[in-house]
Structure formats: C-alpha cells, structure tokens
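In: Fold the stuff below for me.
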Amino acid sequence: MKKTNAEWKDMLSAQLYHVSREKGTEKSFSGKYNYCEDTGVYLCACCQSRLFHSSAKFDSGSGWPSFDRPDNSGSIYCAEDNSLAAGVRIEVLCASCDAHLGHVFNDGITVTKKRYCINSVVLDLQPEGEK
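Out: Numbers count the residues shown, from 1 in each chain. Next comes the predicted model:
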C-alpha cells in the first residue's frame with residue numbers, strides 16, 4: 001500500500017502520522033493497549049494488515065504493548081535504526097505499508113526471547129471472532 005506523505009497526512013491523525021510516518025513514539029504508559037488483556041488480532045492502524053495476535057502479548061513493564069512474535073512471518077520487517085546516540089536498535093515496520101511500529105529487542109521473558117515493543121497508536125485491536 002504505497003501512498004505519498006501528503007496522502008498519509010490527510011488520512012491519519014496527527015499522532016498516528018507522527019509515529020507511523022515520522023518514526024516517532026508515544027509517551028510510555030499512555031497507550032490504550034499497554035494494559036489491554038482483550039483477545040484478538042492487532043492490526044496496523046494505517047492499512048489494517050494483521051500484525052500480532054493477543055496470545056503473543058506479554059507485560060514487559062516497558063510502558064508499551066509487547067509481543068514475543070508477529071502474527072505471521074510476512075506481516076512485519078525489521079531494519080537497523082541508528083537514530084539514537086546510544087547505539088543501534090532494530091526498528092519494526094509493517095510489511096504492507098512501511099509504517100513504523102516500534103522496536104524489537106532480544107531481552108524478552110518468553111521462550112522466543114524477543115520483545116516487540118510497539119506503539120499503541122499504530123495498532124487497532126480486532127476482537128476475537130470479528131472480521
């Protein structure tokens with residue numbers, strides 16, 4: 001789903017545009033899905049592609065929703081992020097529309113050892129059973 005920045009800006013809220021297109025972040029512990037325990041599939045708020053299932057969600061204490069694996073191997077992709085002076089991080093992006101979602105770290109507490117730390121604003125939760 002390729003759109004120009006102007007098209008994205010017209011269709012997204014200011015916060016969603018900032019995070020997804022300008023690689024921003026929301027304030028920790030402020031997102032609507034940080035403490036959410038509802039079951040379902042988390043979709044990309046920009047293009048509605050499936051990203052993560054609630055069964056992969058865990059409380060990392062980081063202040064952002066955390067997942068230990070994507071919904072399927074083709075739903076996201078990762079890229080090096082050198083934007084912080086503190087070192088290289090691995091950015092997580094939507095494979096369908098290139099939206100910045102967050103970052104992945106190798107310090108998770110589950111068997112995968114992954115912590116996909118994702119901004120709530122870039123997610124829409126589709127409750128279990130809904131299409």
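
In: so the residue nearest to Leu43 when sequence neighbours are not counted, which of the three states?
Out: Excluding the flanking residues, the one nearest Leu43 by C-beta to C-beta, 6 or more residues apart in numbering is Asp124, at 4.6 Å. From N, CA and C alone the C-beta is placed, and that goes for glycine too. At Asp124, secondary structure determined by DSSP: H, G, I helix; E, B strand; the rest coil is strand.

In: In the sheet, which residues pair with Phe67? Tell me.
Out: For Phe67, the beta-bridge partners are Lys57, Tyr116 (DSSP bridges).

In: hang on, the earlier thing: contacting residues for the residue nearest to Leu43?
Out: By C-beta atoms under 8 Å, 6 or more residues apart in numbering, the residues touching Asp124 are 42-45, 48.

In: which of the residues you listed are buried?
Out: For the contacts of Asp124, a burial check counting by 16 or more other C-beta atoms under 10 Å picks out 42-45.

In: Could you identify the helix or strand that succeeds the helix ranked longest in the chain?
Out: Identified as the longest helix of the chain according to DSSP state H is helix 14-22. Remark: after helix 14-22, the chain's next helix or strand is strand 40-44, criterion DSSP states H and E.

In: list the helices and strands the helix or strand bottoming out on mean pLDDT in the chain packs on?
Out: The helix or strand of the chain with the lowest confidence, counting by mean pLDDT, DSSP states H and E, is strand 76-81 at a mean of 93. Counting contacts by 3 or more C-beta pairs under 8 Å, 6 or more residues apart in numbering; DSSP states H and E, strand 76-81 is packed against strand 89-94, strand 100-105.
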